[in-house]
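Undergrad: Curious how this folds, go ahead:
(chains A, B, C and D)
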Number of protein chains: 4
Amino acid sequence: MSHPLVDFRSDNCGRAAPELIDALVRANNDTALGYGGDALTASLQKRFAELFETPVRVFPVPTGTAANALALAASATPFGAVYCSPEAHIQTSECNATGFFGSGTKLVPIAGIHGKVSPEALEGAIAVAGKGLAHKSQPAAVNLVQATDLGAVYGIDEIAAISQVAHAHGLKVHMDGARLANAMVRLGCTPAQATWRSGVDVLSFGVTKNGGLLTDAIVVFTPGVAEDLGFHLRRAGLVWSKMRFASAQIMAYVADDLWLRLARQANDAASEIAAQLESLPGVTMAAPVQANELFVDTAPANLAGLESAGFLFQRRAPGRARFVCRWDTSEHDIAALTGWFRKQAAAS
Amino acid sequence: MSHPLVDFRSDNCGRAAPELIDALVRANNDTALGYGGDALTASLQKRFAELFETPVRVFPVPTGTAANALALAASATPFGAVYCSPEAHIQTSECNATGFFGSGTKLVPIAGIHGKVSPEALEGAIAVAGKGLAHKSQPAAVNLVQATDLGAVYGIDEIAAISQVAHAHGLKVHMDGARLANAMVRLGCTPAQATWRSGVDVLSFGVTKNGGLLTDAIVVFTPGVAEDLGFHLRRAGLVWSKMRFASAQIMAYVADDLWLRLARQANDAASEIAAQLESLPGVTMAAPVQANELFVDTAPANLAGLESAGFLFQRRAPGRARFVCRWDTSEHDIAALTGWFRKQAAAS
Amino acid sequence: MSHPLVDFRSDNCGRAAPELIDALVRANNDTALGYGGDALTASLQKRFAELFETPVRVFPVPTGTAANALALAASATPFGAVYCSPEAHIQTSECNATGFFGSGTKLVPIAGIHGKVSPEALEGAIAVAGKGLAHKSQPAAVNLVQATDLGAVYGIDEIAAISQVAHAHGLKVHMDGARLANAMVRLGCTPAQATWRSGVDVLSFGVTKNGGLLTDAIVVFTPGVAEDLGFHLRRAGLVWSKMRFASAQIMAYVADDLWLRLARQANDAASEIAAQLESLPGVTMAAPVQANELFVDTAPANLAGLESAGFLFQRRAPGRARFVCRWDTSEHDIAALTGWFRKQAAAS
Amino acid sequence: MSHPLVDFRSDNCGRAAPELIDALVRANNDTALGYGGDALTASLQKRFAELFETPVRVFPVPTGTAANALALAASATPFGAVYCSPEAHIQTSECNATGFFGSGTKLVPIAGIHGKVSPEALEGAIAVAGKGLAHKSQPAAVNLVQATDLGAVYGIDEIAAISQVAHAHGLKVHMDGARLANAMVRLGCTPAQATWRSGVDVLSFGVTKNGGLLTDAIVVFTPGVAEDLGFHLRRAGLVWSKMRFASAQIMAYVADDLWLRLARQANDAASEIAAQLESLPGVTMAAPVQANELFVDTAPANLAGLESAGFLFQRRAPGRARFVCRWDTSEHDIAALTGWFRKQAAAS
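TA: Sure thing, here's the model as predicted:
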């Protein structure tokens, strides 16, 4: 094709932020004890305690799937049920990881809009779950994806409401924060408010999708939750011997609010596109655009046209496309996409 | 302490080779499809086929433990037995990873010297294993660590002899090549000779210990072995979305024989130390120094003395120490260690 | 209470058929090789090949849950998906057994009426499952419960239609035949027609619910399916050393059509109750009564009234009750239940 | 062959005691709630509390393998190590059950004589296990087989010594009591002394080998150990719906000291044989005959001769045979075996 490709496929198609690369390069000095016994990993523990305003335990892990599955396996029981949205990444996109790590732990999708879990649906599901009956998967945890897999963002009060139901029944609250920074930019709240102050017990802390390279992390807030996580991680082959190169990335990621700046760039791009598209006929948003993703419902012919024109994106249904904005989505990318839609609208 | 520390603790305490860092930095351009759909990962497949002179499938994975456990789980059955040395990394240092990934797969240590498995011991173990009896763990695979966990190196003929026994009984041959480069330098053979031509079915290809940062790899040689490995990896949360940053490291690692040059530096350092220590009284080698590790038997007081003098190393038994040389072990380090021993010998 | 209790709670609340008890008593003679090496278990293999008119492998197992979970684990992959009805026993009543035995194998409920899976829903689910995509649970098997968990019975043509879809996409067909005899009585077909001739690859052969005591069985029809089941069973602690006492029960169960006679008694009882209740106002059946279970929708007050009157049954929802008829459900039981409803109807 | 076979193959080749059969037959009356909700299972709980003079939880399970694996899985962690004798049944004869149920739990054989674990070996193994190091399987439990798999019996003081070491380091003590009755007869102690008073936390209570049919049991002594066992059992398909038929067997087994009488008959037979054989040349016992098993070392030609003469037994090594006596081993059987040996000795 003669025209350049414009890439809205996924966060993980993007580049790493130069600051993380630089930190990784700088970490390559002198020798250091392996498996997290190094100074950088020690400083990471301290830094996250400051960041979240509470003692935490933080474990860099290679992928978000590993973070989710291990956080849940170490929090739940092998005879447990984990409630989640039907759209949740753990339900749709992580093969059988939760069941594998949890030795059977079962996912139970429950209702909610825009990729969210609703507190009422959670309450209802627990009520009919058969607590104490051995032939029933026992309610163990709830999984919230922030931002959701349809691009919406849970309000602080929504998280708190779900946590209240969960804790009242002895369930743990796990947040899949693959896009936590994007959600926080939207919410304008502190990391503490976004998580443990709202009831989150354990967090998959996303880095990769927002300018990272090869690491995400698990952050444990609640004493007594996931106590043995270190052993679970090692048994699962998820502990790097040269951990400092992972810790360096995460330290750079949260330094000087870099993570929020990167996320803001991505969110702003998505907002700008949404604002322009929403005014056009034949284009509607499947969910409110509150983070860096747009789920656009439009004529299937439009999707084929976009592809012919060199736009890269995901098809989610015959007439639905996902466009993901990244920290490095350019003004040119935005103009190209919105321009195409405007032109199309004018022609029809 | 006023004196600088001299670090012989482990391969993974060392720095990454600048070439790998540079490659990783260079990989950070443009966008690319995630989960291994990128051009660098495609080139890695091609490059390894050339390197090993046969079609292979290669999967970057975060750690050697993950490589070992997944390679075995995807090759063996959940009711299978994996034979290994009592010194093998999978037996001593990977928590319960083999059993976890294999849903019960059992490790059965068998005899051999210097961290090796002997073909006779393997033959004997299979003979009494009770093949076909449902109450017995069924012989499924044999694990060879190359170089061994005591610093020795299997000869090509030794690997072939073990493979012959294994294949005659339907077992798969897995090589834990965490230090494959070190072994190959010693053997002076091709990658093909070191592996599949000698009967190896699946390989944990070590990068981290020899100048890598955050990735190792699994290489599958034999069609029909580990067919479903891609699914196993994803279910285990071991597939990076930004895979290109891992593939870039491995491409640089094998470019222009870098991996062998790095290993040669480490091996040469170990040889030099061994040559000097072996002539001293009160110092013996627990195994032949054929790669980059020395297992030194000496008076416990000597070990305490070394520690006081600022040397970092691992104690393996009251009178046994492990010293690991790396690609970046300096002449100064070598001189310091050998000097200390010589001085000690002179004083006694 | 002065009135006797009338028990419609479950099949498993009932007595064993005297014929099975007698057979078990008779099996207690002389010595016999353990773990299925005895003559009775050998005769069972032969008997089932005759019964099903094809070579089969048959394995007595202690419970239906064990039969279901092991049959699925040995047929599917650990990264696989098993499609089933939302009402299926494996989904609602077996804790996390499928995921545990399958090391993560995932249950995916799909649509259908009266506890059935519909072929269209299966086709649709496979179409969007993402075959070959590593982040997706891979379509592996479909589970049919015969009779269904709502008391309906699949027609032969319905089973064949589902099997056709399954096999076209490489899925295995598992039938949970906890109430197979009840279904066969309804269908008036041969065991072969009810199973492998209609595409069933592996069967959980129910005994316990229909006059058995302590054993059910797995029957494998398709060569190459569940090849390693014997090892899976042993590893799961599911192989009795004194197997002959289980085999004896099953031999008696199928001798002289006993299983069908027992099931017919239970079905007839259910039919008689249904016929009488259906004519009454305020009582409707949630699903057609085609086997030995009735799911009755009526006013909650009626359910409370029944309980006060000494009837034992399960509540399934505020206004829904399950009544299960057994081979030993008596005319008195039937008359008591229908009489109560009639009296209630007359009074209102 | 014209001569009758004389069967010393295994405990599980024998008949069930008529008392257990009778109890099972008597249990077949009226209806009863399933899955252990029946009156017989309730009485079993009460009866075992009396028997063991302490509150216990008791769970009938189909097999000893299931009892062992589940008791260990529910007591240990998935990253844990279970210490046992190299001769232990869990190590030699249960396929990969411990690892499967434990999601990786590892067996670590340690030294001891006659199939026992020695407290010194246990202390030593824990000392080098690397407690707290994530790459090491963490000491979790010790498994004692009583009587041992070589026919010896732990003294009360031996059990207490092992328990003391185990508890001092936070390990649980699991007793595989497949032949507990045989051991108790030897020891002449109470059930309490044989188990929890000597430090046993959880017991596999053997029934099958000593006159049972289709059930063994798990008995939990220590509060807080195996708390969730009921859920583990259900998820593993190990809970019979018609539990009363299993509970009835166990109730009969312990009624009027039947279990001890049966075991005494078996032990006495073994003692009598041992007494006669020990005086003969060319015959030695591999371990003291303290329960119902004899491990006889003799010329391989003798073993072939025995087989030709119609004796059934197990070969354990070229010159080692196992002879198992049962409650129904007859005087004729004893005379035949000892007669053959005497005749053989006279002829040579």
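
Undergrad: Leaving out chain neighbours, which residue sits closest to the residue in the stretch 1-150 of chain A positioned nearest to chain B?
TA: At 3.1 Å from chain B, A:A66 is the closest residue in the stretch 1-150 of chain A, using Cβ to the nearest Cβ. Using the backbone N, CA and C atoms, a C-beta is placed for each residue, glycine as well. Nearest non-adjacent residue to A:A66, counting by Cβ to Cβ, 6 or more residues apart in numbering or on different chains: B:G237, 3.1 Å away.

Undergrad: Provide a list of residues in contact with the spatially closest residue to A:G211 that is not a sequence neighbour.
TA: Spatially, and ignoring its direct neighbours in sequence, A:G211 is nearest to A:A17 (3.4 Å; Cβ to Cβ, 6+ apart). A:A17 is in contact with A:G211, A:G212, A:A252, A:Y253, A:L258, A:L262, A:W327, counting by Cβ atoms under 8 Å, 6 or more residues apart in numbering or on different chains.

Undergrad: The third one touches A:L20, doesn't it?
TA: Going back to what we said before, that points to A:A252. Yes: between A:A252 and A:L20 there is a contact at 4.9 Å, judged by Cβ atoms under 8 Å.

Undergrad: the more surrounded of these two?
TA: A:L20 (27 against 24; other Cβ atoms under 10 Å in any protein chain shown).

Undergrad: Okay, now the unreliable bits of the stretch 151-300 of chain A?
TA: Nowhere does the stretch 151-300 of chain A drop to pLDDT under 70.

Undergrad: Now do the strands in it.
TA: A:172-177, A:202-205, A:216-220, A:284-285, A:293-297 (DSSP state E, counting those that start in this stretch).

Undergrad: so who does A:V239 touch?
TA: A:Y35, A:G36, A:G230, A:L233, B:T63, B:T65, D:A134, D:H135 are the contacts of A:V239 under Cβ under 8 Å, 6+ apart.

Undergrad: ok, it to A:A66 distance?
TA: 11 Å (Cβ to Cβ, to the nearest Å).

Undergrad: cool, A:A286 as well?
TA: In terms of Cβ to Cβ, A:A286 sits 29 Å off from A:A66.

Undergrad: which of those two has more neighbours?
TA: A:A66 (28 against 20).

Undergrad: any idea of the pLDDT on that one?
TA: On pLDDT, A:A66 comes in at 98.

Undergrad: I'd say it and A:G237 touch.
TA: No: if you go by Cβ under 8 Å, A:A66 and A:G237 don't touch, sitting 9.4 Å apart.

Undergrad: shared neighbours of the two, anything?
TA: By Cβ under 8 Å, 6+ apart, A:A66 and A:G237 have these common neighbours: B:A236, B:L238.

Undergrad: The most centrally placed residue in chain A - nearest residue in space that isn't next to it in sequence?
TA: Closest residue to the average C-alpha location of chain A: A:A178 at 1.8 Å, with Cα atoms, centre = their mean. Leaving aside its sequence neighbours, A:A178 sits nearest to A:G206 (Cβ to Cβ, 6+ apart; 3.9 Å).

Undergrad: Near that neighbour, how many other residues are there?
TA: 26.

Undergrad: re the thing from before, give me the three-state assignment for the residue of the stretch 1-150 of chain A closest to chain B.
TA: Here A:A66 is recorded as helix under DSSP: H, G, I helix; E, B strand; the rest coil.

Undergrad: how about the biggest strand by length in chain A against chain B, any contact?
TA: As assigned by DSSP state E, the longest strand anywhere in chain A is strand A:138-145. No: Strand A:138-145 stays clear of chain B (Cβ under 8 Å from any Cβ of the partner chain), getting no nearer than 14.8 Å.

Undergrad: before we move on, what about stretch A:192-204?
TA: No: applying Cβ under 8 Å from any Cβ, one finds stretch A:192-204 out of contact with chain B, separated by at least 10.6 Å.

Undergrad: Just the buried positions in that stretch, please.
TA: Residues of stretch A:192-204 classed as buried: A:Q193, A:A194, A:T195, A:W196, A:R197, A:S198, A:G199, A:V200, A:D201, A:V202, A:L203, A:S204 (neighbour count, 16 or more other Cβ atoms under 10 Å in any protein chain shown).

Undergrad: Show me which of the residues you listed is closest to chain D.
TA: Using Cβ to the nearest Cβ, these come closest to chain D at A:V202, 17.9 Å.

Undergrad: so that closest one bridges to which residues?
TA: Here A:V202 shows beta-bridge partners A:H174, A:V220, assigned using DSSP bridges.

Undergrad: residues touching it, list them.
TA: Applying Cβ under 8 Å, 6+ apart, the residues near A:V202 are A:71, A:74-75, A:172-175, A:218-222, A:225-226.

Undergrad: before we move on, the earlier item: nearest to chain B among the buried residues of stretch A:192-204?
TA: Among those, A:S204 lies closest to chain B (Cβ to the nearest Cβ), at 10.6 Å.

Undergrad: Who are the contact partners of the closest one?
TA: By Cβ under 8 Å, 6+ apart, the neighbours of A:S204 are A:G64, A:A67, A:N68, A:A71, A:H174, A:M175, A:D176, A:G177, A:A178, A:D216, A:A217, A:I218.

Undergrad: circling back to that earlier point, now the residue nearest to the centre of chain A. Its backbone dihedrals?
TA: As for A:A178, its main-chain torsions (degrees, to the nearest 10) stand at phi -60, psi -30.

Undergrad: Give the pairing partners of the longest strand of chain A; include direction for each.
TA: Strand A:138-145 has the following strand partners under DSSP bridges: strand A:80-84 (parallel), strand A:172-177 (parallel).

Undergrad: Name the next helix or strand following the shortest one along the chain.
TA: So the one you mean is strand A:80-84. Counting by DSSP states H and E, the element after strand A:80-84 in chain order, helix or strand, is helix A:89-92.

Undergrad: Can you name the residues that contact the residue nearest to the centre of chain A?
TA: A:G64, A:H89, A:V145, A:S204, A:G206, A:T208, A:K209, A:D216.

Undergrad: residues from the stretch 51-200 of chain A in reach of chain C?
TA: A:65, A:78-80, A:92-100, A:102-107, A:134-137.

Undergrad: from these, which ones fall inside strands?
TA: A:G80, A:K106, A:L107.

Undergrad: Help me confirm that the second one comes into contact with A:G80.
TA: Yes: A:K106 sits in contact with A:G80 when judged by Cβ under 8 Å, with a separation of 7.3 Å.

Undergrad: which neighbours do these two share?
TA: A:S137, C:N96.

Undergrad: sorry, back to before: OK, contacts around the residue nearest to A:A66?
TA: Residues in contact with B:G237 (Cβ under 8 Å, 6+ apart) are A:61-70, A:94, A:97, A:101, A:236, A:238.

Undergrad: now do A:Q164
TA: A:P119, A:G199.

Undergrad: For chain C, see how far away it is.
TA: Look at A:Q164 and chain C: by Cβ to the nearest Cβ, to the nearest Å, they are 26 Å apart.

Undergrad: Name the residues that touch the longest helix along chain A?
TA: Ordering each helix of chain A by length in residues (DSSP state H) puts helix A:258-278 first. For helix A:258-278, contacts defined as Cβ under 8 Å, 6+ apart pick out A:11, A:17, A:19, A:151, A:179, A:181-182, A:184-186, A:207, A:210-211, A:252-253, A:283-285, A:289, A:291-294, A:296, A:323, A:325-329, A:333-334, A:337-338, A:341-342.

Undergrad: CA atoms of that helix as CSV?
TA: C-alpha atoms of helix A:258-278 as CSV (Å, rounded to 0.1, in the frame of the first residue of the first chain):
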residue,chain,number,x,y,z
LEU,A,258,5.1,9.5,34.2
TRP,A,259,2.4,6.8,34.2
LEU,A,260,-0.3,9.4,34.6
ARG,A,261,1.1,11.6,31.9
LEU,A,262,1.3,8.7,29.4
ALA,A,263,-2.2,7.6,30.3
ARG,A,264,-3.5,11.1,29.9
GLN,A,265,-2.1,11.4,26.4
ALA,A,266,-3.8,8.1,25.4
ASN,A,267,-7.1,9.2,27.1
ASP,A,268,-7.1,12.6,25.4
ALA,A,269,-6.6,11.0,22.0
ALA,A,270,-9.6,8.7,22.6
SER,A,271,-11.7,11.6,23.9
GLU,A,272,-10.9,13.7,20.9
ILE,A,273,-11.8,10.9,18.5
ALA,A,274,-15.0,10.2,20.4
ALA,A,275,-16.1,13.8,20.4
GLN,A,276,-15.7,14.0,16.7
LEU,A,277,-17.3,10.7,15.9
GLU,A,278,-20.3,11.0,18.2
